[in-house]
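Novice: sequence and predicted structure below; questions after.
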Amino acid sequence: MWLCSTWWQSNILDNVNKVGKVLGEKLEEMKVNHACVGDVRYIGLFSAIELVKDKKTKEPLVPYGKDTEGIMGKILGKLKERNFMTYTHENMIIVAPPLIITKEQLEEELVKLDEVLSIVDKEFIS
């Protein structure tokens, strides 16, 4: 039993390192391709996408603690409509898939995120 558990944990760590690299690369692409993405931060399979009104000034898409128009809730709703399950915090979208996700599954899910970021660019960035 112990050997099986150790093997499983080792493979999870290998997967996190391998697929986490893909996640980082895809997020960096989104940062370049979307006006609303001010920065991305990631380690392994845990990441955050910072949404901004202006890349140069890094002005947050919503003021800290004051999303009176419910913009982040609308963005989260658009993600959930596509079955992309996540959460937000202030002007951040958190991306934290299961540690056993495959590269193919991750890429499939990130297409949904990319779609929503395109909508954010059109609807919320002036």
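Specialist: Arrived safely. Since the model is a prediction, treat every value here as computed from it, not as a measurement. Numbering: from 1, shown residues only.
Novice: residues contacting residue 119?
Specialist: residue 78 (C-beta atoms under 8 Å, 6 or more residues apart in numbering). Yep, even glycine has a C-beta here, placed from its N, CA and C like the rest.
Novice: tell me the spacing between it and residue 103.
Specialist: Per C-beta to C-beta, to the nearest Å, residue 119 is found 25 Å from residue 103.
Novice: what does residue 52 give?
Specialist: Applying C-beta to C-beta to residue 52 and residue 103 gives a distance of 29 Å.
Novice: looking at those two, which has the bigger crowd around it?
Specialist: In terms of neighbours (other C-beta atoms under 10 Å), residue 52 is the more surrounded of residue 52 and residue 103; the figures are 20 against 13.
Novice: please, which helix or strand holds that one?
Specialist: Per DSSP states H and E, residue 52 falls inside strand 46-54.
Novice: contacting residues around the helix or strand following that strand?
Specialist: Next helix or strand after strand 46-54 toward the C-terminus (DSSP H and E): strand 59-60. With C-beta under 8 Å, 6+ apart as the contact definition, strand 59-60 has outside contacts at 38, 50-53, 90-91.
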